[in-house]
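>>> Turn this into a model:
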Amino acid sequence: MNIVNFIANRYLYSPKEYKFINIISLLSFIGITIGVSVIIIVLSIFNGFQELTKNQFINVEPHLQIKKKDSLFFFIDNNLLYKLKQFNEINYIIPRLSFKSIISNSSNLSLVEIISEIDTILIDNTQDKSINLIKDKNETITIGVGLANTLKVSAGEFLNIIPINEFDNIINLSLNNSIYKLKINKIINYNINKYDYSIIKISYDKALEILNPDNYKISQIDIYLKRIQKLEEYKNILYNNFGENYKIISWEELNPDLFNIMKLEKLSTFSILSFILILSFFNILISNYMTVIEKQKDILILKSLGIDNKTVKSIFFNIGFKISLIGTFTGIFLSLIFYYLQKNCKIISLDLNKYVIDSIPIKIDLYEIFIISSFTIIISSIISIYPAIKASDFYKNSIFRSE
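Next up, the predicted model:
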């Protein structure tokens, strides 16, 4: 152990007469430990909910969506579907027709999106380029539980569907628009607000009848991958192959507001919790400065023995640095213990009768831990520079001469 570490350790664990300084240093250590552990735990819980939400969406939403650049609807292109079937990573393809509509019953109405699909085209690597359309004369609809509650309807009841032209709006809705009455077949709880409150599923043939486009037009081709990890890679591949005439949209781009809000909430939470660390930084500054004042005589003795200013600086800088370093790694250790207990023992559980999960989800992000620990140690080190500089500026004075 060199002289810098030896003296810094002695000052850090001062004898009883410097009890007050020890208490401030201890509070600094506790503050950094709590601050680091709480920030990591809270951000990990955010990560857990974000992962849960992501999994819910990728189980329902198309991973990639192909739309025509210059029109809302386009004819089914068998050649395009055949080319898509040649990509090994694509699991299945669903051509869909979707459009805005108003639905109502006797007392309530709501603006929704009607979605219909032709047929799930499984990737079977066959050489057949023809696409056989399944005729479905089903006169029923499927709605989400949120929409059912809003309209106060149940399965078996009828809803009126009024299609909205792209150039119409709710107020100026044409009275000539046809009204279609369809029976509710299913009410599904998707656990996704977008689907629970604003999506209705009907058969493709009925959608054609309601919208009345040219025969066999669609609005999009939805693609589901075998591995979601290949999303960006295949988005680029599809863009390079079909980007001239089609837009390639990822599931995240279909839901930009949701994940932007989640990122903003996460950043806001980090900013608020960082105040715990900021208070700890000031404690380090105060405790170090008080140590310098208490140790003036020791500093002058060290200088008289030939210790240079750089070494004196290093001694008092190390005190603050060690408090932050030990506090940071203790906080990381505590957060990892909490992560293990929550992941395996579910110490914070939820009622399955009220929630879709039985415990608070949690996911550790090593990059975030690195950022938080680096931020804490760097700021603490900067804070420790000022007392270290003040310590190196002391010269012999009357107190030393009187000895």
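
>>> And this structure, what are its domain boundaries?
Here the domain parsing of the chain from automatic domain parsing is 3-57+259-402, 62-252.

>>> mind checking which helix or strand the nearest residue to Phe281 once chain neighbours are set aside is in?
Nearest residue to Phe281, sequence neighbours excluded (C-beta to C-beta, 6 or more residues apart in numbering): Ile383, at 4.9 Å. For every residue, glycine as well, the C-beta is placed using N, CA and C. Per DSSP states H and E, Ile383 falls inside helix 366-392.

>>> Repeat that for Asp298.
Take DSSP H and E as the rule and Asp298 turns out to sit in helix 296-304.

>>> so how far is that helix off the chain centroid?
Computed by C-alpha atoms, centre = their mean, to the nearest Å, the chain-centroid distance of helix 296-304 equals 54 Å.

>>> What mean pLDDT does that helix get?
Averaging pLDDT along helix 296-304 gives 70.

>>> could you dump that helix to CSV, C-alpha only?
Presented in CSV, the C-alpha positions along helix 296-304 are these (Å, rounded to 0.1, in the frame of the first residue of the first chain):
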residue,chain,number,x,y,z
GLN,A,296,-4.4,21.3,8.5
LYS,A,297,-1.7,20.5,11.0
ASP,A,298,-1.2,17.1,9.4
ILE,A,299,-1.0,18.6,6.0
LEU,A,300,1.7,21.1,7.1
ILE,A,301,3.7,18.3,8.8
LEU,A,302,3.5,16.2,5.6
LYS,A,303,4.8,19.2,3.6
SER,A,304,7.6,19.8,6.0
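
>>> counting contacts, what elements does it pack onto?
With contacts taken as 3 or more C-beta pairs under 8 Å, 6 or more residues apart in numbering; DSSP states H and E, helix 296-304 sits against helix 309-345, helix 398-402.

>>> Most tightly packed of these?
Most buried of the helices and strands packed on helix 296-304 by mean neighbour count (mean count of other C-beta atoms under 10 Å) is helix 309-345; its value is a mean of 19.

>>> and that helix with helix 366-392, angle?
Interaxial angle of helix 309-345 relative to helix 366-392 (axes from the mean of the first three to the mean of the last three C-alpha atoms, to 10 degrees): 150 degrees.

>>> now for helix 309-345, which elements pack on it?
helix 3-12, helix 19-60, helix 256-294, helix 296-304, helix 366-392.

>>> Between helix 256-294 and the helix holding Ile383, find me the angle.
Going by the same axes, to 10 degrees, helix 366-392 makes 20 degrees with helix 256-294.

>>> Excluding sequence neighbours, find me the nearest residue to the spatially most central residue of the chain.
Per C-alpha atoms, centre = their mean, the C-alpha nearest to the average position across the chain is that of Gln50, at 4.3 Å. Excluding the flanking residues, the one nearest Gln50 by C-beta to C-beta, 6+ apart is Met262, at 5.6 Å.

>>> ok now the lengthiest strand in the chain, how far from the chain's centre?
In the chain, assigned by DSSP state E, the strand with the most residues is strand 90-104. The chain centre lies 27 Å from the centre of strand 90-104; the measure is C-alpha atoms, centre = their mean.

>>> so what's Thr357 closest to, chain neighbours aside?
Let me fix one detail, which is that residue 357 is Ile and not Thr. Closest residue in space to Ile357, ignoring its immediate chain neighbours: Leu350 at 5.9 Å, by C-beta to C-beta, 6+ apart.

>>> Against Ile364, how distant is the one you found?
In this view, Leu350 and Ile364 are 20 Å apart by C-beta to C-beta, to the nearest Å.

>>> Same question for Ser198.
As judged by C-beta to C-beta, Ser198 and Ile364 stand 35 Å apart.

>>> With Ser37 instead?
12 Å.

>>> again, but for Leu238
33 Å.

>>> Could you do Ser28 as well?
Counting by C-beta to C-beta, the gap from Ser28 to Ile364 is 26 Å.

>>> cool, and Ser314?
As judged by C-beta to C-beta, Ser314 and Ile364 stand 35 Å apart.
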